[in-house]
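Peer 1: Got a predicted structure plus its sequence, pasted below:
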Amino acid sequence: MGKIPTIIVCGPPVSGKTTLAEQLSKHYKIKHYNTGDLLKEFSRRYGFKPGGKDWWETTEGLKFAEIRKHDSSIDKAFDKYIISLAKKGNCVMSSWTMPWLFHGKAIKLWVTASDLVRAQRMVKRDKTSIASAVKKLKARDEKNYAIYKKIYGIAFGRDLKPFDIILHTDNLSPDPVFHYAVIMIDNWLRSH
């Protein structure tokens, strides 16, 4: 197979997007950029010390999100950097903004799950209570929506026009989601 265009996987927190992006990276033998992890590292420029998968739900992670809500230069600088990565192709990105911001050749997937299923997954992942998981996800969803709406006018989670493929993962384990995504991506590659 020749050069693969950028594959962009997007969706709300704990929907399965990162797992899918990692699986696609291995399957197509292309680089995976987890933009959430890249943004955590970017937060160091602003004095934060990110760590752990659940950092975004911590007080410090939520504080960084609040700062970003009021200082769009942070996200604009970061997004300029990840657009430069997307332009190279042969990669898969898990990203919240690239489906709307990247206009090069790309396959864009929206991965979603209900709020309850996402909270249940967080309970398993982070060993927390369901009440805590629901509260953390609600706060994170609201902050993400506010940030991207203010900076770019993106209706994150509501505007699905940029997406070529939409996957609802409530009743699926990661393997069927991956297999379905590969079938859809391979069909897209054959037709473009």
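Peer 2: Okay, I see it.
Peer 1: only C-alpha atoms for contact and neighbour calcs from this point on.
Peer 2: Noted.
Peer 1: longest helix of the protein?
Peer 2: Among the segments of the chain that qualify as a helix by DSSP state H, the longest is helix 130-152.
Peer 1: Give the buried residues for that helix.
Peer 2: With burial defined by 16 or more other Cα atoms under 10 Å, the residues of helix 130-152 counted as buried are 130, 133-134, 136-137, 140-141, 143-148, 151.
Peer 1: These: which two are farthest apart?
Peer 2: I130 and I151 (31.5 Å; Cα to Cα).
Peer 1: Need the contact partners of the longest helix of the chain.
Peer 2: Outside helix 130-152, the residues within contact range by Cα atoms under 8 Å, 6 or more residues apart in numbering are 12-13, 56-57, 62, 65-66, 68-69, 72, 97, 115-116, 119-120, 122-123, 154-157.
Peer 1: what bits of this protein have low per-residue confidence?
Peer 2: Across the chain, the ranges flagged by pLDDT under 70 are 1-2.
Peer 1: 80 instead?
Peer 2: Counting by pLDDT under 80, the chain contains low-confidence ranges at 1-3, 52-54, 57.
Peer 1: all helices of it, in order?
Peer 2: Defined through DSSP H, the helices belonging to the chain, from first to last, are 17-28, 35-42, 59-70, 72-86, 98-101, 115-126, 130-152, 174-191.
Peer 1: okay, those helices in JSON lines with distance to I7 next?
Peer 2: Rendered in JSON lines, the data for those read as follows (distance: least, Cα to Cα, whole Å):
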{"stretch": "helix 17-28", "distance to I7": "8"}
{"stretch": "helix 35-42", "distance to I7": "13"}
{"stretch": "helix 59-70", "distance to I7": "25"}
{"stretch": "helix 72-86", "distance to I7": "9"}
{"stretch": "helix 98-101", "distance to I7": "10"}
{"stretch": "helix 115-126", "distance to I7": "23"}
{"stretch": "helix 130-152", "distance to I7": "21"}
{"stretch": "helix 174-191", "distance to I7": "9"}
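Peer 1: Much appreciated, bye for now.
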